[in-house]
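Colleague: Dropping the sequence and predicted coords here.
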Amino acid sequence: MSTQSRVPWSDLGLLTTILFWALNMPIVKGAFTTMDPLAFNTARFFAVPVLILSAVYLLEKSLHIDRKDWKALILIGMIGVGGYQLFFISGLSMTSAASAALLAATTPIWVALWGQLRGAERLSPIGWVGIALSFAGVFVILFDGTAISTTAIIGDVMILCSAICWAYYTIAAKDLLKIYSPLRITALALSIGAIPVILSGAQALTLVDWGAVRLQDWGSMAYSVIFSITIAYILWYNGVSKVGSTRTGIYMSLLPACGVVSAYFILGDPITAQDLLGTACVISGLTLARRG
């Protein structure tokens, strides 16, 4: 009974995470006029470890991790956070936002494959049908049939690599989440992952004209740090610990659909019949995968 009562709250947290990420792009887009994406990403990762480690210490009074668990945690931080961030930012600068959203939404496929390889979770046939249907919905929303340049292909490969990294982040901490809280694992993984992000973007920071950075740009960064990274990552691992990594990963299929809606309200982009059909496929697939 208690487990069943917790599942809807976990689902709500995952839906909230997707909403945070869907809103993130239009909210931070304006900041790229004064900071390039790499500099923006690097700057926010100076703030993330301080914020989330402070929260963990205040709430749990400890950051302790057993020595035997550090190897797994370091891999999660370096691959699932650092690798994801670097591949995604680089890929996004080379390909279209639509292609990036499409390939990022392949995460459920990679999560399911990771789960099968590790023997961590098994999906029923109906679960696989749900994943396929959600993925089909993503294509319906984003496919436009335009030709792709060599640069865009490289960017697409990088985004695909970021999706694989995020799938690793989603599934690799399953055993650790049986011992430690989602908050503690998230805090330490983000702090470890911040190291390669900061090192790779240090030079980009020196090229920013900080005097030209506007108040709303700092507001965009604050939103990104607090909501799309700190809170969203905690909610994501909470979902993994409650409903499993495969069923958590499937929520990434909702990202393109939510992005269409947020773009409509924030940027005024139109919603087409194609968008509605794709969204229906994604939601139907999510429901099937959740049951499978």
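Modeller: Structure's in. What do you need? Numbering: from 1, shown residues only.

Colleague: For the stretch 101-250 of the chain, give me the ranges with low pLDDT.
Modeller: In the predicted model of the stretch 101-250 of the chain, residues 102, 116, 118-121, 141-148 satisfy pLDDT under 70.

Colleague: Would you map the helices across this structure?
Modeller: For the chain, the helices defined by DSSP state H occupy 2-29, 37-60, 70-75, 84-92, 97-104, 107-118, 125-142, 150-172, 182-206, 215-223, 232-243, 245-249, 254-267, 273-291.

Colleague: most packed of those helices?
Modeller: The highest mean neighbour count among those, using mean count of other CB atoms under 10 Å, belongs to helix 245-249: a mean of 28. Every residue, glycine included, has its C-beta placed from N, CA and C.

Colleague: Tell me the helices and strands packed up against it.
Modeller: Contact analysis of helix 245-249 by 3 or more CB pairs under 8 Å, 6 or more residues apart in numbering; DSSP states H and E lists helix 107-118, helix 150-172, helix 232-243, helix 273-291 as its packing neighbours.

Colleague: wouldn't residue 253 be in contact with residue 136 here?
Modeller: No: contact criterion CB atoms under 8 Å: residue 253 and residue 136 do not qualify, at 9.8 Å.

Colleague: Now the common contact residues for those two.
Modeller: Any residue near both residue 253 and residue 136 by CB atoms under 8 Å, 6 or more residues apart in numbering counts here, and that gives residue 285.

Colleague: in the chain, which residue is closest to the centre?
Modeller: The centre of the chain sits closest to residue 166, judged by CA atoms, centre = their mean, with a distance of 6.6 Å.

Colleague: Now for that one: which residues touch it?
Modeller: Neighbouring residues of residue 166 by CB under 8 Å, 6+ apart: 80, 84, 104, 107, 110, 252.

Colleague: Over to residue 192?
Modeller: Counted by CB under 8 Å, 6+ apart, residue 192 has contacts 73-74, 76-78, 81-82.

Colleague: please redo it, this time with the cut-off set to 7 Å
Modeller: Counting by CB atoms under 7 Å, 6 or more residues apart in numbering, residue 192 touches 73-74, 77-78, 81.

Colleague: List just the nearest of the residues you listed to residue 9.
Modeller: Nearest to residue 9 among those, counting by CB to CB, is residue 81 at 24.9 Å.

Colleague: can you pull the contacts of the nearest residue to the closest one once chain neighbours are set aside?
Modeller: Excluding the flanking residues, the one nearest residue 81 by CB to CB, 6 or more residues apart in numbering is residue 193, at 2.4 Å. Residue 193 sits next to 77-78, 80-82, 85 when contact means CB under 7 Å, 6+ apart.

Colleague: again, but for residue 36
Modeller: When contacts are counted by CB under 7 Å, 6+ apart, residue 36 is found next to residue 204.

Colleague: For it, what are phi and psi?
Modeller: Note on residue 36: backbone dihedrals following degrees, to the nearest 10 are phi -70, psi 160.

Colleague: That one and residue 203, how far apart?
Modeller: Here the criterion is CB to CB, to the nearest Å. By it, residue 36 lies 11 Å from residue 203.

Colleague: With residue 12 instead?
Modeller: Plainly put, residue 12 is 41 Å away from residue 203 if you go by CB to CB.

Colleague: Residue 73 now?
Modeller: 28 Å.

Colleague: ok, so of the contacts of residue 193, who is nearest residue 234?
Modeller: Distance to residue 234 across those (CB to CB) is lowest for residue 81, with 13.0 Å.

Colleague: The closest one and residue 205, how far apart?
Modeller: The gap separating residue 81 from residue 205 is 19 Å, by CB to CB.

Colleague: Residue 214: neighbour count?
Modeller: Number of residues near residue 214 (other CB atoms under 10 Å) recorded here: 12.

Colleague: on that earlier part again, possible to save the contacts of residue 166 as a markdown table with distance to residue 209?
Modeller: Output for the contacts of residue 166, formatted as a markdown table (distance: CB to CB, whole Å):
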| residue | distance to residue 209 |
| --- | --- |
| 80 | 33 |
| 84 | 28 |
| 104 | 30 |
| 107 | 36 |
| 110 | 39 |
| 252 | 35 |
